[in-house]
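Chemist: Model the structure of this input:
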Amino acid sequence: MALRRRLSAGLPLLCHFLACIFIIGGWLENLEQSSRLLDQLEDLEHRHVQSHHHRPHYAAEDRDHDRLEQRGQRLGGGLDLLVVILIIAILAAIAIPVFLKQREKGWASQVESTLKNAATAEESYATSNDGAYTTSETALRAEGLRYSTTDVTFSVPGTAGSTSYCLKGVSIHKSSIVYWYDSTTGRAIGQTAQPSTCVNA
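Modeler: Numbering: from 1, shown residues only. Model prediction:
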């Protein structure tokens with residue numbers, strides 16, 4: 001399931017990347033032809049200058065010169081566009097993975113924040129109940145637990161303990177982002193499986 005979601009998320013990016021490759025490939029096919037036309041333009045311009053110095057002006061040759069010059073300008077613009085496309089492709093290849101990584105860090109921070117908030121609520125509940133902890137989310141909310149249910153799935157696995165507790169948080173956006181809060185260590189641990197020390201006792 002997780003692999004399917006990753007593939008679904010990456011498919012649009014792959015399609016855009018392939019489209020850029022096809023566009024760049026089309027431009028590369030015309031590079032050789034563009035180079036030949038530019039060489040012809042330079043040669044014709046050289047002969048055109050010589051004709052002004054050594055022989056009468058010919059209208060037909062001027063027309064050829066102007067026509068090739070216009071084509072050369074269009075080709076030059078095409079090469080500029082190709083350079084822009086290549087730069088955009090390089091920047092996208094660098095920026096997209098960084099963006100995805102930062103987004104996952106944000107999801108993980110939401111989960112950690114929820115667990116720390118829940119731990120504070122557990123301690124507050126224990127203070128009012130002779131040191132006993134609870135697995136009731138309703139009771140924890142009454143002690144100040146707040147989190148976004150559209151971003152995090154929160155739970156207190158197992159039964160209520162009198163000396164310790166274990167909390168679990170999972171990102172709704174990515175199920176592989178799982179954190180456990182162990183009251184014995186006082187910190188959140190990012191891993192899928194429940195730590196052996198994280199128990200309600």
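Chemist: ok, and the closest residue to S148 other than its chain neighbours, which helix or strand is that part of?
Modeler: Leaving aside its sequence neighbours, S148 sits nearest to Q110 (Cβ to Cβ, 6 or more residues apart in numbering; 6.9 Å). Heads up, the C-betas are built off the backbone N, CA and C, glycines and all. Assigned by DSSP states H and E, Q110 belongs to helix 59-128.
Chemist: That helix - what's its average pLDDT?
Modeler: Averaged over helix 59-128, pLDDT sits at 79.
Chemist: Tabulate the CA atom coordinates of the following helix or strand past it in PDB.
Modeler: Remark: after helix 59-128, the chain's next helix or strand is helix 137-142, criterion DSSP H and E. Coordinates of each C-alpha in helix 137-142 appear next as PDB, following Å, rounded to 0.1, in the frame of the first residue of the first chain:
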ATOM      1  CA  GLU A 137      -8.100  10.200  24.900                       C
ATOM      2  CA  THR A 138     -11.200  12.000  26.300                       C
ATOM      3  CA  ALA A 139      -9.500  12.200  29.700                       C
ATOM      4  CA  LEU A 140      -6.300  13.500  28.000                       C
ATOM      5  CA  ARG A 141      -8.200  16.100  26.100                       C
ATOM      6  CA  ALA A 142      -9.800  17.300  29.300                       C
END
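Chemist: The helix holding Q110 - contacts with which helices or strands?
Modeler: helix 2-54, helix 137-142, strand 152-155, strand 166-171, strand 178-182, strand 187-190 (3 or more Cβ pairs under 8 Å, 6 or more residues apart in numbering; DSSP states H and E).
Chemist: quick one: it to strand 166-171, angle?
Modeler: 160 degrees (axes from the mean of the first three to the mean of the last three Cα atoms, to 10 degrees).
Chemist: From what I see, Q110 and T150 are in contact.
Modeler: No - between Q110 and T150 there is no contact under Cβ atoms under 8 Å: 10.2 Å.
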